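1. Show me the folded form of this:
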Amino acid sequence: MLMPLASGSGSARAYQAGGAALLVAIAVILTALAFEHLGGYLPCPLCLQQRYAYYGGIPLLLLALVLLRAGRTVPAAALFAVVAAAFVANAAVGLYHAGAEWKLWAGPDTCESALRPLATDDIGRMRVIRCDEAPWRLLGLSFAGWNVVLSLALAAAAAAAARAAWRG
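-> Residues are numbered from 1 along each chain as shown. Purely as a prediction, here's the structure:
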């Protein structure tokens, strides 16, 4: 049986923070996929690695929200904490990637574009992205730099949801 969430309760605050994290995470990964499939930006291996937190975090956030709604606050808090840790780790990978783009340190030896077969009409519109070259910047930040900012925000939201769920 689903329990209603009392306004102002720890569970309600956890649900709001977790729901916001879920919506932002979905928006971020859909944006990344749009840049790839609609914009023609082929992701490098580090770009693909930075998507793992989203691919794992989105279903875990959804499950945590379901558990929270069912009154299972302790397992929900644990899942929110796992998601927070995953996004902190993702921010570290993004920072490493951004540093390689800024030439602060060397990128990995596999710092080449992820290869896939291309159709003839793809060749003209594909932009090959290397791990150590930022193909695009907004307000001075590359895809990797923005991923650091967004991953830290998602980690903070998931941690807030974990803390609120734990307190019930």
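
2. quick one: least confident helix or strand in this structure?
-> The helix or strand with the lowest mean pLDDT-type score in the chain, counting by mean pLDDT, DSSP states H and E, is strand 127-128 (a mean of 51).

3. shaky segments in this protein?
-> Low-confidence segments of the chain (pLDDT under 70): 1-8, 110-129, 131, 133-135, 137-138.

4. residue ranges of the helices in it, please?
-> Read by DSSP state H, the chain holds these helices, from start to end of the chain: 10-37, 45-50, 52-69, 73-101, 143-167.

5. what residue is smack in the middle of this structure?
-> The chain has Tyr54 as the residue nearest its centroid, 4.1 Å off, counting by Cα atoms, centre = their mean.

6. Any figure for the gap between that residue and Gly19?
-> With distances defined as Cβ to Cβ, to the nearest Å, the gap from Tyr54 to Gly19 amounts to 16 Å. In this view, the C-beta of every residue, glycine as well, is placed from N, C-alpha and C.

7. Can you tell me the closest non-neighbouring residue to the residue nearest to the centre of the chain?
-> Leaving out its chain neighbours, the residue that sits closest to Tyr54 by Cβ to Cβ, 6 or more residues apart in numbering is Ile29, at 4.1 Å.

8. Same check on Ala86?
-> By the measure of Cβ to Cβ, 6+ apart, the closest residue to Ala86 outside its immediate chain neighbours is Ala53, 4.6 Å from it.

9. Please give me every residue in contact with that neighbour.
-> With contacts defined as Cβ atoms under 8 Å, 6 or more residues apart in numbering, Ala53 is in contact with 86-87, 89-90, 151.

10. quick one: the residue nearest to Asn90 when sequence neighbours are not counted and Ser142, what's the gap?
-> If you skip the residues right next to it in sequence, Asn90 has Ala53 as its closest partner in space, 3.6 Å away by Cβ to Cβ, 6+ apart. Distance, Ala53 to Ser142, by Cβ to Cβ: 18 Å.

11. Repeat that for Val82.
-> When distance is defined by Cβ to Cβ, Val82 is 28 Å away from Ser142.

12. which of these two has more neighbours?
-> Remark: of Val82 and Ser142, Ser142 carries more neighbours, 20 against 17, as counted by other Cβ atoms under 10 Å.
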